[in-house]
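J.: Below are the sequence and a predicted model; questions follow.
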Amino acid sequence: MEPRGEVFVLGLVLSIVVLVISVMISVWARRFTRTLGDYYVAGRSIGALNNGLAMVSLALSLTTFIGLTALIIEGLYIAVAVYASFTAAFIGLMILAAPYLRRHKSFTTMAFISERYGSKTLRYISVVIMLIVSVLYLGGNLKGIGIVFYFLLGVPEIWGIIVGGLVVTLYVTLGGMYGVTYNQTMQSIVLIFCLMFPVAIVLRTMGATGWAFPPLGYGDMVPLMTETVPHYFWAMVAHPVVYIAIFLGSFFGIIGLPHFVMRFFTVRDAREARWSTVICVFLVGLVNTTVYATGFAAVYYMQTAGADVPTAAYDYVVFILVEALAGEGWLALAIAGSVAAGLSTVSGLLMIMGAGLVHDLYSECESKFEALPFGAVLGLVAGLSFNQVLSTFFGFGGMPWPWIWGLLGLLLGAVLTHLFFKPDVDDDLKLKLSYGAMLLVGILVIIFSFEPPEFILEAIMWSFGIAAAGLGVPIVLGIWWKRTNKYGVGAGMVVGTLIAFIGWIMIGYMGMDPVDIPFPFFARYFYGPLGWIKVIAIAVPVSFILTIVVSWLTPPPAKDLQRQVDEMHGWSDVDPKRYNGKALPITIIVLSVFIMWFITTLYDQFPK
């Protein structure tokens, strides 16, 4: 898409206001940060309303504001499946995880998995999975911020990624979880206001009588849409497993996304955790239906006004629509809302990444030898990031330089770790290290986002799938089945993650068409619209099956680990038979096998 051709002053001013207020809130919130508990979980003092609004800002990222609208234009029913599954996932989060995670009193998803299964190795594995998921999620949202700056100033997206990323890194580093929480609350209010009001004006301009309530405001326009765009309400024809995969990725992905789970460790008690989820579900549903109205209006406008919007510019369609039908004042609000949406999600992700590196890796290392992998991996990432900078700004970074800089970074990281690592550091030093880790992670993530995904939503869907298979499964089984042990969880996490991650490498990163992958199963069954998403319908069931079967075939977890399940459910006593039956695991295995078999059916019924 071509830039607007001039600087959009009003939109720029409002965007700067949002950025400045975000930093000021974190500076103010820093006064409350005295301990590690304050920095990571806001002293476990956040109320339901505040936490619910903060969760909304995580859920309603630029994926919702921009990416989902683009998908509605591309294929209606697939988009409906995405946002319906996404909204339902919060109900699953409320029923299956929220209050129980709060009673566990961990800091992070990785800490929960380690403590529930009594394994430091699982903590390290879950940190790696968390980093993969977070980088994918961040790539999509930082691209969204880049889109906003491109639309505002006509500058390349990379400058928006740098500026937006640095602002978020600054206020996350300064304010910790207090700053993140109050910022996310503010950004949720800004986002909801700046989406619903411009869309209402768009619908009024189009002649919709119910424009004042955008989720239902387009109702009387349906006959006109049917007449003008007869194919709009037809399904985007796809195998049913595509919809099952979307549901699995959303439902268990929400539970597995570490920055969502971390919000439950910040509230006062389990009741507040449950009610914050109720608030989040209501507001997320309200906004998602408004997004659908936006997509409806965009399709109608493109068809009736003869607006030629190329597929590559679908991520911009919200701004195009608001500018054309509501005017520049409302466009400025929409842009400010999108900036808020991008900042809120990025801040939550940076928070969990910094916590994972310091709290779940560095703090758990008891010797220099044990810390070497941590330093080596961090050095490897730094080396690859340096290569990315050379490649982006100086055109010097092609093969074999990524390998060279990566190896040099790995060696340097290992040497520095050996020279400076100190085991058993006190909490004051851990707090200082946390500030440094947040800053470092922010900078590295910005650099890795220099080559963002082509479409925002695709990167987010991959991250959901990996999170579901790698983290969502062990969390759910760890809460609801005592027999789950570290051996089963290790097998399920590793294999499930590898299936989804290798799928992303081949399809999402290397750009291979699933039916061209030299593996007969892919070539025959991963066809049609979004055929690649069927990977999730394999990764999640395999993770469940392996976790359950290996847990059954290996010794049960220790009694003190099983006792945690009773405690998470609020029982004061311990009953070995409680949450230890065979009906649940057998049902899960049967459903998992059925889903994977279903992929191989109906081959001739859908377009290739």
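T.: On my side now, so go ahead.
J.: just for the stretch 151-300 of the chain, where's the confidence low?
T.: 171, 231, 234-236 (pLDDT under 70).
J.: V155: how many residues sit nearby?
T.: 15 (other Cβ atoms under 10 Å). Backbone N, C-alpha and C define where each C-beta goes, glycine included.
J.: That one should be in a helix, yeah?
T.: No - V155 sits outside any helix when classified using DSSP: H, G, I helix; E, B strand; the rest coil, being coil.
J.: Could I get the contacting residues of the residue nearest to it when sequence neighbours are not counted?
T.: Leaving aside its sequence neighbours, V155 sits nearest to F149 (Cβ to Cβ, 6 or more residues apart in numbering; 6.1 Å). F149 makes contacts with V155, E157, W159, G160, V163, G164, as judged by Cβ atoms under 8 Å, 6 or more residues apart in numbering.
J.: Please report phi then psi for V267.
T.: Backbone torsions of V267, given as degrees, to the nearest 10, read phi -80, psi 170.
J.: filter the contacts of F149 to the buried ones?
T.: E157, G160, V163, G164 (16 or more other Cβ atoms under 10 Å).
J.: Could you export those as CSV, including distance to M351?
T.: Shown next, in CSV, are the buried ones among the contacts of F149 (distance: Cβ to Cβ, whole Å):
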residue, distance to M351
E157, 24
G160, 21
V163, 20
G164, 16
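J.: Quick one: distance of stretch 569-580 to the chain centre.
T.: Its chain's C-alpha centre and that of stretch 569-580 lie 33 Å apart, by Cα atoms, centre = their mean, to the nearest Å.
J.: list the buried ones in that stretch?
T.: Buried positions in stretch 569-580, judged by neighbour count with 16+ other Cβ under 10 Å: Y579, N580.
J.: How about residues contacting that stretch?
T.: So stretch 569-580 is contacted by 99-100, 103, 270, 479-483, 559, 562-563, 565-566 (Cβ under 8 Å, 6+ apart).
J.: Output that stretch in CSV with nothing but the alpha carbons.
T.: Provided in CSV are the C-alpha atoms of stretch 569-580 (Å, rounded to 0.1, in the frame of the first residue of the first chain):
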residue,chain,number,x,y,z
HIS,A,569,-9.1,-26.7,44.0
GLY,A,570,-9.5,-25.3,47.5
TRP,A,571,-9.7,-28.6,49.5
SER,A,572,-8.4,-28.5,53.0
ASP,A,573,-7.9,-32.3,53.0
VAL,A,574,-6.1,-34.7,50.7
ASP,A,575,-8.0,-37.5,48.9
PRO,A,576,-5.9,-39.8,46.7
LYS,A,577,-8.9,-40.7,44.6
ARG,A,578,-9.9,-37.1,43.9
TYR,A,579,-9.0,-35.9,40.4
ASN,A,580,-7.3,-39.3,39.8
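J.: ranges for the helices of the stretch 351-500 of the chain?
T.: 368-394, 401-420, 427-448, 456-467, 473-480, 486-503 (DSSP state H, counting those that start in this stretch).
J.: let me fix that: the stretch 151-300 of the chain
T.: Going by DSSP H, counting those that start in this stretch, the stretch 151-300 of the chain shows helices at 157-206, 214-217, 222-228, 240-256, 258-264, 270-304.
J.: circling back: wait, which of the helices of the stretch 351-500 of the chain is closest to V20?
T.: helix 427-448 (18.0 Å; Cβ to Cβ).
J.: relative orientation of that closest one and helix 368-394 in degrees?
T.: Relative orientation of helix 427-448 versus helix 368-394 (axes from the mean of the first three to the mean of the last three Cα atoms, to 10 degrees): 30 degrees.
J.: Against which helices or strands is helix 427-448 packed?
T.: Helix 427-448 is packed against helix 36-41, helix 120-153, helix 157-206, helix 328-358, helix 368-394, with contacts defined by 3 or more Cβ pairs under 8 Å, 6 or more residues apart in numbering; DSSP states H and E.
J.: how about the CA coordinates for that helix, as PDB?
T.: In PDB, the C-alpha atoms belonging to helix 427-448 read as follows (Å, rounded to 0.1, in the frame of the first residue of the first chain):
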ATOM      1  CA  ASP A 427      16.600 -10.500  46.000                       C
ATOM      2  CA  ASP A 428      18.000  -7.000  45.700                       C
ATOM      3  CA  LEU A 429      20.400  -8.100  43.000                       C
ATOM      4  CA  LYS A 430      17.700 -10.200  41.300                       C
ATOM      5  CA  LEU A 431      15.600  -7.000  41.100                       C
ATOM      6  CA  LYS A 432      18.400  -5.100  39.500                       C
ATOM      7  CA  LEU A 433      19.000  -8.000  37.100                       C
ATOM      8  CA  SER A 434      15.300  -7.900  36.200                       C
ATOM      9  CA  TYR A 435      15.600  -4.300  35.100                       C
ATOM     10  CA  GLY A 436      18.600  -5.100  32.900                       C
ATOM     11  CA  ALA A 437      16.900  -8.300  31.500                       C
ATOM     12  CA  MET A 438      13.800  -6.300  30.500                       C
ATOM     13  CA  LEU A 439      15.900  -3.700  28.700                       C
ATOM     14  CA  LEU A 440      18.000  -6.400  26.900                       C
ATOM     15  CA  VAL A 441      15.000  -8.500  25.900                       C
ATOM     16  CA  GLY A 442      13.200  -5.500  24.600                       C
ATOM     17  CA  ILE A 443      16.100  -4.500  22.400                       C
ATOM     18  CA  LEU A 444      16.600  -8.000  21.100                       C
ATOM     19  CA  VAL A 445      12.900  -8.500  20.300                       C
ATOM     20  CA  ILE A 446      12.900  -5.200  18.400                       C
ATOM     21  CA  ILE A 447      15.800  -6.400  16.300                       C
ATOM     22  CA  PHE A 448      14.200  -9.800  15.600                       C
END
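J.: Tell me the buried residues in that helix?
T.: Neighbour counts over helix 427-448 (16+ other Cβ under 10 Å) mark 430-431, 433-435, 437-448 as buried.
J.: quick one: buried residues of stretch 420-427?
T.: Buried residues in stretch 420-427 (16+ other Cβ under 10 Å): F421.
J.: Please list the outside residues in contact with that stretch.
T.: T35, L36, S363, C365, E366, S367, K368, A371, G375, L433.
J.: That'll do, ta.
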